[in-house]
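A.B. asks: 3D, please:
(one chain, ligands or ions: 1)
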Amino acid sequence: MHYLFEKKFLKHIQQLSKKNTLFAFDFDGTLAKISKNADKATLSRRNHAFLMRLSCLAPVAIISGRGVDDLKKRIDIPDIDLVGNHGLEGIHRWKSKQMKAKKLCQQWLRQLKRHHLGPGVFIENKKYSLSIHFRDSKNKKISAKKIADTIEQLKPSPRIIHGKCVYNIIPAHSPHKGTALLELKRVKKIKKIFYVGDDDTDEDVFKLKSPALLSVRVGKKNTSQAQYYLQRQSEVSKVLETILSFF
Ligand SMILES: [Mg+2]
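C.D. replies: The predicted model follows:
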């Protein structure tokens with residue numbers, strides 16, 4: 001992993017502005033600061049303004065674990081593609097996969113209701129995936145273990161994506177952030193993709209290893225497959241500003 005703002009790498013961003021590039025970003029922990037209360041997460045005015053300008057110059061997408069309706073409340077920018085539920089929602093061709101996912105989530109919800117997951121644990125139904133949050137639990141270790149044990153009993157077995165104080169449950173083998181990006185690339189006849197994310201779920205993009213992709217992780221992590229890293233979330237503003245300066 002290389003630090004994105006090392007001088008010798010800046011030319012790679014510069015080249016992207018000359019090519020037909022999709023600029024794509026995760027939301028929580030990337031465009032928006034991680035908020036203790038996930039419902040309060042919001043775009044800073046600065047990032048909102050930068051994204052607005054960028055969306056007039058190039059295709060822009062936001063790909064998040066949140067549902068699309070939730071994203072719409074937080075991002076009021078026309079002409080940006082919003083993809084939710086870790087890549088499953090917002091891609092037109094995947095309607096039947098979404099319907100299957102919706103049914104599975106209802107099945108899992110019924111099974112989860114038979115268990116008492118303890119105080120401070122909250123199940124968020126995102127229609128096509130579920131998130132079990134334990135940020136408010138007083139004993140996070142016990143809650144995490146209890147949730148993990150319960151998820152193990154779910155039938156059929158879901159794919160589990162770990163987040164910060166949250167277990168995300170999505171249908172196994174459903175499209176993910178990586179496949180969503182490739183689908184956007186295909187539909188929009190894009191040549192290059194620039195992607196920034198911060199979490200395990202973004203590894204689905206980082207591991208694509210496509211020559212078309214320039215990938216950036218917020219925070220250095222040796223096991224990540226991203227090519228570049230930023231030191232902290234606040235540097236995302238600088239990334240947007242730098243991209244804009246090259247147009
Ligand atoms: Mg994130």
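
A.B. asks: max-length helix in the protein?
C.D. replies: Looking across the chain with DSSP state H, the single longest helix is helix 95-112.

A.B. asks: then the following helix or strand past that one to CSV, C-alphas only?
C.D. replies: Moving toward the C-terminus from helix 95-112, the next helix or strand (DSSP states H and E) is strand 122-125. Presented in CSV, the C-alpha positions along strand 122-125 are these (Å, rounded to 0.1, in the frame of the first residue of the first chain):
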residue,chain,number,x,y,z
PHE,A,122,-30.7,-3.2,17.4
ILE,A,123,-31.7,-5.0,14.2
GLU,A,124,-32.0,-2.7,11.2
ASN,A,125,-34.1,-4.0,8.3
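
A.B. asks: and the next helix or strand after strand 122-125, what does it pack against?
C.D. replies: Going down the chain from strand 122-125, the next helix or strand is strand 130-133, by DSSP H and E. Secondary-structure packing of strand 130-133 (3 or more CB pairs under 8 Å, 6 or more residues apart in numbering; DSSP states H and E): helix 95-112, strand 122-125, strand 166-170. No exception for glycine: its C-beta is placed from N, CA and C like everyone else's.

A.B. asks: return the most buried member of those.
C.D. replies: Of all the helices and strands packed on strand 130-133, strand 166-170 carries the top mean neighbour count, a mean of 23, counting by mean count of other CB atoms under 10 Å.

A.B. asks: if we ignore the residues flanking it in sequence, what's nearest the residue most central in space within the chain?
C.D. replies: The centroid of the chain falls nearest to S64 when counting by CA atoms, centre = their mean (3.2 Å). Of all residues not flanking S64 in the chain, F27 sits nearest, at 4.0 Å (CB to CB, 6 or more residues apart in numbering).

A.B. asks: give me phi/psi at that neighbour?
C.D. replies: phi -100, psi -70 (degrees, to the nearest 10).

A.B. asks: neighbours around it, how many?
C.D. replies: 23 (other CB atoms under 10 Å).

A.B. asks: so what pLDDT did it get?
C.D. replies: Looking at F27, its pLDDT reads 97.

A.B. asks: swap in L43?
C.D. replies: At L43, pLDDT is 95.

A.B. asks: pretty sure it is touching T30, no?
C.D. replies: No. The pair L43 / T30 is not scored as a contact, 10.6 Å apart, by CB atoms under 8 Å.

A.B. asks: compare neighbour counts for the two and give me the winner.
C.D. replies: Taking other CB under 10 Å, L43 and T30 do not tie; T30 has more neighbours (26 against 19).

A.B. asks: just to confirm, which helix or strand has V205 in it?
C.D. replies: helix 203-206.

A.B. asks: may I see the buried residues of whichever helix or strand V83 is part of?
C.D. replies: Using DSSP H and E, V83 falls within strand 80-83. By 16 or more other CB atoms under 10 Å, the buried positions in strand 80-83 come out as 80-83.

A.B. asks: could I get these as CSV with pLDDT and distance to A180?
C.D. replies: Below are the buried residues of strand 80-83 laid out as CSV (pLDDT from 0 to 100; distance: CB to CB, whole Å):
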residue, pLDDT, distance to A180
I80, 96, 14
D81, 96, 9
L82, 97, 11
V83, 97, 5
